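Peer 1: Sequence and predicted structure, then a few things I'm wondering about:
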Amino acid sequence: MKSVFITCLGLFAPAFALAALQTEQHRIDVEVIARGLKNPWSVAFLPDGGYLVTERPGRLRLVEADGTLVGQPIAGLPAIKAHGQGGLMDVVLHPEFKKNRWVYLSYAEAGRGGVGTAVARGRLDGLRLRDTEVLFRLTPKSSNGRHFGSRLVFDQQGYLYITLGDRGDRPRAQDLGDHAGSVIRLHDDGRIPEDNPFVGRRGALPEIYSYGHRNIQGATLEPVSGRLWTHEHGPQGGDEINLPEPGVNYGWPVITYGVNYGIGTSIGEGTEKPGMAQPLYYWVPSIAPSGMSFYTGDAFPEWRGDLFVGSLKFGLLVRLSLENGRVAHEERLLQDTLGRIRDVRQGPDGLIYLLTDAGDGQLVRLVPAD
């Protein structure tokens with residue numbers, strides 16, 4: 001395809017082929033849709049074929065269906081603090097977006113005590129969010145720049161799940177009076193569901209759904225059962241895939257398959273302990289996972305039902321085939337092709353879309369090669 005140069009932005013559109021690759025089951029082309037994104041974090045698909053893309057420094061960008069990156073960022077966002085690993089992170093559309101136009105964002109917010117993950121929503125009106133309101137704020141905030149999470153997922157009943165990190169302070173993930181290191185479950189307007197597992201428990205925050213997590217940067221729904229799947233960064237080794245259940249403790253930092261950075265010493269009490277859940281799958285050494293999606297489309301029939309996970313550390317895409325709810329096989333794709341992969345999504349067209357984490361980040365898609 002021919003590329004069009006946009007002088008004022010230094011960007012290219014529309015999509016053009018970057019590489020053709022043979023995988024175990026499919027031959028694929030890698031197409032670049034948009035370039036020039038500043039550390040893009042997440043992509044959402046608009047009904048008209050366009051894309052909303054978050055940039056970690058704090059901008060929400062519109063990419064048109066033909067790949068043109070609109071120069072003016074979307075206005076009306078909440079106050080975002082780009083701090084360490086945090087900034088503007090996930091973006092998802094309300095399940096009934098066509099009717100209500102609600103766009104949900106997770107981001108780092110400054111306030112009393114430092115910085116913490118927050119979630120807001122606004123109604124998309126052209127290049128502006130209107131009626132913007134904050135639905136959730138992690139408490140307490142802290143000054144360090146690590147482990148903000150954060151992914152947003154709506155389940156089939158319309159509940160909103162928010163994934164969080166431990167903010168680089170390990171004991172917080174075991175404290176039910178602290179949001180850090182947990183999965184949060186809310187109604188779409190921020191109200192707390194009455195059947196959340198810790199509602200009414202003294203000393204526990206009622207928004208918490210599960211806890212004992214280190215830093216969750218991947219979350220998706222299993223397409224048949226509708227169950228929530230997450231993955232989280234381990235320390236040196238021990239990246240995990242989990243299936244969060246209400247009220248369950250996933251162990252960090254008491255149990256882990258990772259070790260302390262550099263020195264390799266053990267963390268906590270080992271790899272298992274009664275009352276703490278084991279991961280469904282884990283990586284040693286770490287791949288630094290980010291972004292995750294099940295594949296259900298028709299473009300790659302041999303991949304239907306597989307789980308795809310991005311890797312920041314190795315700059316690759318991991319394909320996991322499942323049997324009876326367990327990981328049966330792992331294939332590593334795109335190594336040395338794109339760089340750090342931050343987000344992984346299946347588009348409404350049945351293709352796989354990726355975002356690369358770089359100062360000149362790209363929105364790309366995988367298509368069947370002729």
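Peer 2: Received it, and whenever you're ready, just let me know what you need.
Peer 1: I figured Pro78 hits Glu109, correct?
Peer 2: Yes - the criterion here is CB atoms under 8 Å, and Pro78 meets it with Glu109 at 7.1 Å. In this view, the C-beta of every residue, glycine as well, is placed from N, C-alpha and C.
Peer 1: Identify the contacts common to those two.
Peer 2: By CB atoms under 8 Å, 6 or more residues apart in numbering, Pro78 and Glu109 have these common neighbours: Ala118, Val134.
Peer 1: where does the protein dip in pLDDT?
Peer 2: Within the chain, the ranges that satisfy pLDDT under 70 run 1-16.
Peer 1: try it again with 90
Peer 2: Applying pLDDT under 90 to the chain picks out residues 1-20, 71, 336, 370.
Peer 1: residues contacting the nearest residue to Gly315 once chain neighbours are set aside?
Peer 2: Nearest residue to Gly315, sequence neighbours excluded (CB to CB, 6 or more residues apart in numbering): Gly339, at 4.7 Å. Gly339 makes contact with Gly315, Thr356, Asp357, Ala358 under the criterion CB under 8 Å, 6+ apart.
Peer 1: Any figure for the gap between the residue nearest to the last one when sequence neighbours are not counted and Leu317?
Peer 2: Okay, so that is Ala358. Spatial nearest neighbour of Ala358, chain neighbours left out: Gly339 (5.7 Å); criterion: CB to CB, 6+ apart. Per CB to CB, to the nearest Å, Gly339 is found 12 Å from Leu317.
Peer 1: Now do the same for the residue nearest to Gly315: helix, strand or coil?
Peer 2: Using DSSP: H, G, I helix; E, B strand; the rest coil, the structure places Gly339 in coil.
Peer 1: Now do it against Phe314, distance only.
Peer 2: Taking CB to CB, one finds Gly339 at 10 Å from Phe314.
Peer 1: Would you check that Ile184 makes contact with Tyr159?
Peer 2: No - Ile184 is beyond contact range of Tyr159, at 10.2 Å (criterion: CB under 8 Å).
Peer 1: Can you give me the neighbour number for the nearest residue in space to Asp178 that is not next to it in sequence?
Peer 2: What sits nearest to Asp178 in space, not counting adjacent residues and going by CB to CB, 6+ apart, is Arg172, at 4.8 Å. Burial of Arg172, expressed as a neighbour count using other CB atoms under 10 Å, amounts to 23.
Peer 1: that's a helix at Arg172, yeah?
Peer 2: Yes - assessed by three-state DSSP, Arg172 belongs to a helix.
Peer 1: which ones are touching it?
Peer 2: Asp166, Asp178, Ala180, Gly181.
Peer 1: where do the strands sit along the stretch 201-350 of the chain?
Peer 2: In the stretch 201-350 of the chain, the strands defined using DSSP state E, counting those that start in this stretch lie at 208-211, 216-221, 228-232, 239-242, 281-283, 289-294, 307-311, 316-323, 326-333, 341-346.
Peer 1: now the fifth one, how far from the chain's geometric center?
Peer 2: Averaging C-alpha coordinates over strand 281-283 and over its chain gives two centres that are 17 Å apart (CA atoms, centre = their mean, to the nearest Å).
Peer 1: so what does it touch, helix or strand wise?
Peer 2: strand 239-242 (3 or more CB pairs under 8 Å, 6 or more residues apart in numbering; DSSP states H and E).
Peer 1: Tell me which other helices or strands the strand it packs on touches.
Peer 2: Strand 239-242 packs on strand 228-232, strand 281-283, going by 3+ CB pairs under 8 Å, 6+ apart.
Peer 1: what's in contact with it?
Peer 2: 213-214, 229-234, 250, 257-258, 277, 279-283, 286-289, 309, 327.
Peer 1: Buried among the residues you listed? Make that a ChimeraX selection.
Peer 2: Restricted to buried positions by 16 or more other CB atoms under 10 Å, the ChimeraX selection for those reads:
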select :213,214,229,230,231,232,233,234,250,257,258,277,279,280,281,282,283,286,287,288,289,309
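Peer 1: Could you double-check that Glu31 sits in contact with Val367?
Peer 2: Yes - under the criterion of CB under 8 Å, Glu31 makes contact with Val367 at 5.8 Å.
Peer 1: Strands of the stretch 51-200 of the chain, residue ranges please.
Peer 2: Going by DSSP E, counting those that start in this stretch, the stretch 51-200 of the chain shows strands at 51-55, 59-63, 88-93, 102-111, 114-125, 128-137, 152-154, 160-163, 182-186.
Peer 1: List the beta-bridge partners for Tyr107.
Peer 2: Leu88, Ala118 (DSSP bridges).
Peer 1: OK, contacts around Ala82?
Peer 2: Arg56, Pro57, Gly58, Leu88, Ala108.
Peer 1: Need these in JSON lines (columns: neighbour count).
Peer 2: Putting the contacts of Ala82 into JSON lines (neighbours: other CB atoms under 10 Å) gives the following:
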{"residue": "Arg56", "neighbour count": "23"}
{"residue": "Pro57", "neighbour count": "13"}
{"residue": "Gly58", "neighbour count": "18"}
{"residue": "Leu88", "neighbour count": "26"}
{"residue": "Ala108", "neighbour count": "27"}
